[in-house]
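**Student:** Fold the following, please.
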Amino acid sequence: MKFIIDHTSPSIYRKLQSHLMQIYLALLTKPKRILEIGIGEGFVSCNLKKYCEVITADIDKNLNPDLILDISNLNDFSKLKENSFDLIIMCEVLEHTPYNSIDSILQSLKKITKKYLLISVPNQGHFLNLILYKRGFDNIIFYPFNLILNLFLHAFNKLGEYICKIYYKIKKKKIKYKFNGEHYWELGIDFYSEESFRKKLKKHFIIEKEERLRENTYHHFFLLKKK
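**Tutor:** Okay, here's the model as predicted:
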């Protein structure tokens, strides 16, 4: 399978970082068999096939997926056997369905995966995070300094989380999300908060890892483990 990337797009760097994050998080689970729902440019599945078996699924038959699958049609999930994949990847797909259908979709995905589900969804919420690159401070001589620095970073990032939560509570009263022809919802707008979304995820999965890339904070990643 050949993957196609629009090299003229100004967002190519951000897209590439998101693709690499998908591959990185997927390989953390050490999968033998993966289902990727939503092929996109084909970059992720093409690279993961070097490490394990990958079955692709998409609603668009022109992308030549292995399976035609519409996540909004729960009957489509009956095509797949229970516990038939070590990992399901579904990035930038869930927002194409109404918010109130998320629970039933997650329940269907839970039946199909043996262990893991990797998703990403758009998040317009503010993201405040400080990262310092440390080199040469890992030996025991600098341990006290390293400990203080890590405590400072943790405290600063926690403060950033609270600031963003307060801003969201103010913002959601003023902005209402409208269907834009593709996305029914996006986190950080209206009543689509990160907290409410996490509650939906935790009904069926354990959140193993959660990431927002500084290169592309719009994509919010969740690595989930089946309960």
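**Student:** for the chain, what spans make up the helices?
**Tutor:** Using DSSP state H, the helices of the chain run over 12-28, 43-48, 102-112, 143-171, 194-202.
**Student:** what mean pLDDT does the longest one have?
**Tutor:** Along helix 143-171, the predicted local confidence has a mean pLDDT of 71.
**Student:** Please identify the most buried of the helices of the chain.
**Tutor:** Most buried of these, by mean neighbour count (mean count of other CB atoms under 10 Å): helix 43-48, with a mean of 20. Where C-beta positions appear, they are placed from N, C-alpha and C, glycine not excepted.
**Student:** Put the alpha carbons of it into CSV.
**Tutor:** Listed next in CSV are the C-alpha coordinates belonging to helix 43-48 (Å, rounded to 0.1, in the frame of the first residue of the first chain):
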residue,chain,number,x,y,z
PHE,A,43,1.4,6.6,6.7
VAL,A,44,0.6,4.9,10.0
SER,A,45,-0.5,1.5,8.7
CYS,A,46,2.3,1.4,6.1
ASN,A,47,4.9,1.8,8.8
LEU,A,48,3.3,-0.5,11.4
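**Student:** mind checking how far it is from the chain centre?
**Tutor:** Helix 43-48 sits 16 Å away from the centroid of its parent chain (CA atoms, centre = their mean, to the nearest Å).
**Student:** do stretch 209-226 as well
**Tutor:** Centroid separation for stretch 209-226 versus its chain: 5 Å, with CA atoms, centre = their mean.
**Student:** Show me which positions of it end up buried.
**Tutor:** Arg212, Leu213, Asn216, Thr217, Tyr218, His219, His220, Phe221, Phe222, Leu223, Leu224, Lys226 (16 or more other CB atoms under 10 Å).
**Student:** In strands only, show me those.
**Tutor:** The strands, defined by DSSP state E, take in Arg212, His219, His220, Phe221, Phe222, Leu223, Leu224, Lys226 from the buried residues of stretch 209-226.
**Student:** So what sits opposite the last one in the bridge?
**Tutor:** According to DSSP bridges, the partner residues bridging Lys226 are Phe205.
**Student:** Now do it against Leu20, distance only.
**Tutor:** Going from Lys226 to Leu20 by CB to CB, to the nearest Å gives 25 Å.
**Student:** and what of the fifth one?
**Tutor:** Between Phe222 and Leu20 the distance, using CB to CB, works out to 17 Å.
**Student:** Sketch out the low-pLDDT regions of this structure for me.
**Tutor:** Flagging of the chain using pLDDT under 70 yields the residue ranges 1-10, 127-145, 156-157, 160, 164-165, 167-168, 170-174.
**Student:** could you redo the last one with a cut-off of 80?
**Tutor:** Along the chain, the model assigns pLDDT under 80 to residues 1-11, 125-150, 152-154, 156-175.
**Student:** Can you check which strand is longest in it?
**Tutor:** In the chain, taking DSSP E as the definition, the longest strand is strand 113-122.
**Student:** quick one, that strand and helix 194-202 angle?
**Tutor:** On the basis of axes from the mean of the first three to the mean of the last three CA atoms, to 10 degrees, strand 113-122 is oriented at 160 degrees to helix 194-202.
**Student:** From the contact counts, what lies against strand 113-122?
**Tutor:** helix 12-28, strand 85-91, helix 102-112, strand 219-226 (3 or more CB pairs under 8 Å, 6 or more residues apart in numbering; DSSP states H and E).
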